[in-house]
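**Q** got a sequence here, can you build the structure:
(chains A and B)
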Amino acid sequence: MKDVSFGQYYPVDSAIHRLDPRLKLLFLIAFIVVIFVANSFWGLLVCAGVLLLAVLLSHIPPWKVLRSVRGVIFLVLFTAVINVFFYAGETVYWSYGVITVSKEGIIFSVFLVLRLVLLVICSSLLTYTTTPVALTDGVESLLYPLKLIRFPVHELALIMSIALRMIPVLTEETGRIQNAQKARGADFESKNIVTRIKAFIPVLVPLLISALRRADELGEAMEARCYMGGKTRTKYKKLRFGWGDLVAFLIGAAMLAGVILLRVYVGGVL
Amino acid sequence: MENMNALEFENVSFAYEEGGFHIDKLNFSVAEGELVAVLGHNGSGKSTLARLSNGILTADSGTVRVFGEPLGQKNLYEIRRRVGVVFQNPDNQNVASVVEDDVAFGAENIGLAREEIGRRIDFALSAVGMGSFRNATVARLSGGQKQRIAIAGVLALRPDIMILDESTAMLDPRGRREIVDVVLRLNREEKMTVLMITHYPEEALLCDRAIVMNRGEIVMQGTPAEIFGRHEELLTYNLDLPRIGKLCKTLQEGGMSVRDTLDIQILADDIAKELTCGS
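**A** Residues are numbered from 1 along each chain as shown, chains lettered A, B, ... in the order given. So this is what the prediction gives:
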């Protein structure tokens, strides 16, 4: 099977897998806040430590977790390089026109890389350890108050769950169409970027058409199974907040507090 | 007068658009516990028939009855629960990424209690022989397994009738075999009424009765033996004999005196007789 690991559930049993998805979602949000609050290497080290603990507890092979970083590494490095050149720092090492390389710029870029890598690892850990259904249940439960203002919470959650279900199907289909176009002489490996982008249009159009057809059929299959909206539906999987969740919550809270204390009392490099 | 047919079409007419493809005054019935094949080439209206049976499409005129009850807007969801439909494409029927969540979908829709949904998942998965796949990822299953999960998803609603709309068409021979086995067992052991829409003559051979459709009309009805006995007529509807029937014809053309049969034992006896006589 093709590697469609990003955003895919990794089915093993572990303490992290069993955590309440709502807690994991809130933890991810807290984690994102924390890594941007952290302004010293110590702060980031605390975050990385907590994340490492989570990865080890999750029974997911570390290489698998690292692979999720590979997909975004170019984006991260590109952003970092841009920042090195354009960050307006004080201690300037070298400058040419609008381009300046400063000490602050370099530190900022290194921080940026670390933060983004931690962010990607944390979010892929969430999707590795949480089934899409649990995840959407979590989102639905967390967004529940929005129902008061008539926000379609159930529909949104269902859309998310189906989108996640269709990722591997559409990935496979893209490969198939690409091969079909290759057989007709499409050039996906051309050095010329314009040629390469043009070669993708005959892939995207059939992909879109097929996605629409699939949507139609899926809709029928859902109706055939008595789907009538969210009103009368019950849930097979009830979310429960257990002891493990409490421990995880305390660890998360300690991390948040620790990083804030570090920022206030120790200070940062930025 | 009410009869106890599981499914009954009375003068059902339907057209997708004015002047286009249409079904005109369709009449047929399926008895409780019966296993019926609907044969027809592409565009014969056999899939439309499936969609009319559970109210995904609404007939322009005429009545569809499920256990004597006419299908209408009021009992639409009750009928949909009682008439389960499994579709063609194994990739376009699962809503969830994990097997048990997908099987639970229908049961959740009709508002069952948690414990009951759990029991129904157990029942449905073991009925299709996928009990050990409860926590598997749907995307990693084979086509035949995905289709069996789709059947389980319908079974979780505890339907009285199951309609398979070319559910084997996109599968490899092994997947096809798996589905046919499951269907035969459901019919024999659970006494499920099954309508099997297909274009494989081999599958029709396993059914109690076969209905042949062409251009929105029922053109032949009877036991598989009766249907396949009218070879010339079948050919005009772009349908062919099952492999064993074709073998009989080929042997006859080659000068062997074998009977037209769909029974492998009879054919084997005839061939053996010919061979011993000839030597």
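**Q** you'd agree B:V85 is in a strand?
**A** Yes. Counting by DSSP: H, G, I helix; E, B strand; the rest coil, B:V85 is found in a strand.
**Q** doesn't A:A224 make contact with it?
**A** Yes. If you go by CB atoms under 8 Å, B:V85 and A:A224 touch, sitting 4.4 Å apart. C-beta coordinates here come from the backbone N, C-alpha and C atoms, glycine included.
**Q** quick check: neighbours shared by these two?
**A** Listed as contacting both B:V85 and A:A224 by CB atoms under 8 Å, 6 or more residues apart in numbering or on different chains are B:N54, B:I56, B:V154.
**Q** the residues you listed, buried ones only, as a PyMOL selection?
**A** Buried residues within these, by 16 or more other CB atoms under 10 Å in any protein chain shown, are selected in PyMOL with:
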select buried, chain B and resi 54+56+154
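**Q** of the shared contacts of B:V85 and A:A224, list those near chain A.
**A** Within the set of the shared contacts of B:V85 and A:A224, contact with chain A (CB under 8 Å from any CB of the partner chain) is found for B:N54, B:I56, B:V154.
**Q** go ahead and confirm the second one touches A:A221.
**A** No. The pair B:I56 / A:A221 is not scored as a contact, 9.6 Å apart, by CB under 8 Å.
**Q** please enumerate the strands of the stretch 1-150 of chain A.
**A** Along the stretch 1-150 of chain A, counting by DSSP state E, counting those that start in this stretch, strands occupy A:92-96, A:99-102.
**Q** what mean pLDDT does stretch B:216-229 have?
**A** For stretch B:216-229, mean pLDDT is 90.
**Q** contacts for that stretch next, please.
**A** Here stretch B:216-229 has contacts from B:21-24, B:26-28, B:37, B:39, B:44-45, B:48, B:201, B:204-213, B:230, B:233-234, B:237, B:241-242, B:245, B:260, B:262, using CB under 8 Å, 6+ apart.
**Q** filter those residues to the buried ones?
**A** B:22-24, B:26, B:28, B:37, B:39, B:44-45, B:48, B:201, B:204-205, B:207, B:209-213, B:234, B:237, B:241-242, B:245, B:262.
**Q** tell me the residues of chain A that contact chain B?
**A** Near chain B, when you scan chain A using CB under 8 Å from any CB, you find A:1, A:4, A:8-9, A:11, A:131-133, A:158, A:161-162, A:164-165, A:168-169, A:214, A:217-218, A:220-228, A:232-238.
**Q** now the buried members of these.
**A** A:8-9, A:131-133, A:158, A:161-162, A:164-165, A:168-169, A:214, A:218, A:220-227, A:233-234, A:236-237.
**Q** where are the low-confidence patches of the stretch 1-150 of chain B?
**A** B:1-3 (pLDDT under 70).
**Q** and the helices in it, which stretches?
**A** When assigned using DSSP state H, counting those that start in this stretch, the helices of the stretch 1-150 of chain B occupy the ranges B:46-53, B:76-82, B:99-109, B:114-127, B:143-155.
**Q** residues in contact with stretch A:77-87?
**A** So stretch A:77-87 is contacted by A:98-102, A:104-106, A:108-110, A:112-113, A:116 (CB under 8 Å, 6+ apart).
**Q** just the buried residues out of those residues, in ChimeraX syntax.
**A** What follows is the ChimeraX syntax for the buried subset of the contacts of stretch A:77-87, where burial is set by 16+ other CB under 10 Å:
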select /A:100,101,102,105,106,108,109,110,112,113,116
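**Q** ok, stretch B:80-96 near chain A or not?
**A** Yes. Using CB under 8 Å from any CB, stretch B:80-96 reaches chain A at B:R80, B:R81, B:G84, B:V85, B:F87, B:N89, B:D91, B:N92, B:Q93, B:N94, B:V95, B:A96.
**Q** dump that stretch to PDB, keeping only the CA atoms.
**A** Provided in PDB are the C-alpha atoms of stretch B:80-96 (Å, rounded to 0.1, in the frame of the first residue of the first chain):
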ATOM      1  CA  ARG B  80     -35.400   1.600   4.600                       C
ATOM      2  CA  ARG B  81     -34.500  -0.200   7.800                       C
ATOM      3  CA  ARG B  82     -36.400  -3.300   6.600                       C
ATOM      4  CA  VAL B  83     -35.000  -3.300   3.100                       C
ATOM      5  CA  GLY B  84     -31.200  -3.100   3.200                       C
ATOM      6  CA  VAL B  85     -29.300  -2.200   0.000                       C
ATOM      7  CA  VAL B  86     -25.700  -3.000  -0.600                       C
ATOM      8  CA  PHE B  87     -24.200  -1.100  -3.600                       C
ATOM      9  CA  GLN B  88     -21.600  -1.800  -6.200                       C
ATOM     10  CA  ASN B  89     -18.500   0.100  -5.300                       C
ATOM     11  CA  PRO B  90     -16.700  -1.200  -2.100                       C
ATOM     12  CA  ASP B  91     -15.000   2.200  -1.700                       C
ATOM     13  CA  ASN B  92     -18.000   4.400  -1.700                       C
ATOM     14  CA  GLN B  93     -20.100   2.900   1.100                       C
ATOM     15  CA  ASN B  94     -18.200   3.200   4.300                       C
ATOM     16  CA  VAL B  95     -18.500   6.400   6.200                       C
ATOM     17  CA  ALA B  96     -16.000   5.600   9.000                       C
END
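**Q** check which helix or strand covers residue 164.
**A** Here I'm looking at chain A. Assigned by DSSP states H and E, A:L164 belongs to helix A:153-183.
**Q** was after chain B, sorry
**A** strand B:161-165.
**Q** OK, contacts around the residue nearest the centre of chain B?
**A** With distances taken as CA atoms, centre = their mean, B:M196 lies nearest the centre of chain B, 1.2 Å away. By CB under 8 Å, 6+ apart, the contact set of B:M196 is B:L35, B:V36, B:A37, B:V38, B:I163, B:L164, B:V183, B:E203, B:A204, B:C207.
**Q** for B:A210, see how far away the fourth one is.
**A** When you say that, I think you mean B:V38. 8 Å (CB to CB, to the nearest Å).
**Q** for the residue of the stretch 1-150 of chain A found nearest chain B, what are its contacts?
**A** Proximity of the stretch 1-150 of chain A to chain B (CB to the nearest CB) peaks at A:V133, 4.3 Å away. By CB under 8 Å, 6+ apart, A:V133 lies in contact with A:S161, A:K237, B:A96, B:S97, B:V98, B:D101.
**Q** with distance to A:I193 as extra columns, can I get those in JSON lines?
**A** Listed next are the contacts of A:V133 as JSON lines, based on distance: CB to CB, whole Å:
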{"residue": "A:S161", "distance to A:I193": "36"}
{"residue": "A:K237", "distance to A:I193": "46"}
{"residue": "B:A96", "distance to A:I193": "39"}
{"residue": "B:S97", "distance to A:I193": "35"}
{"residue": "B:V98", "distance to A:I193": "40"}
{"residue": "B:D101", "distance to A:I193": "42"}
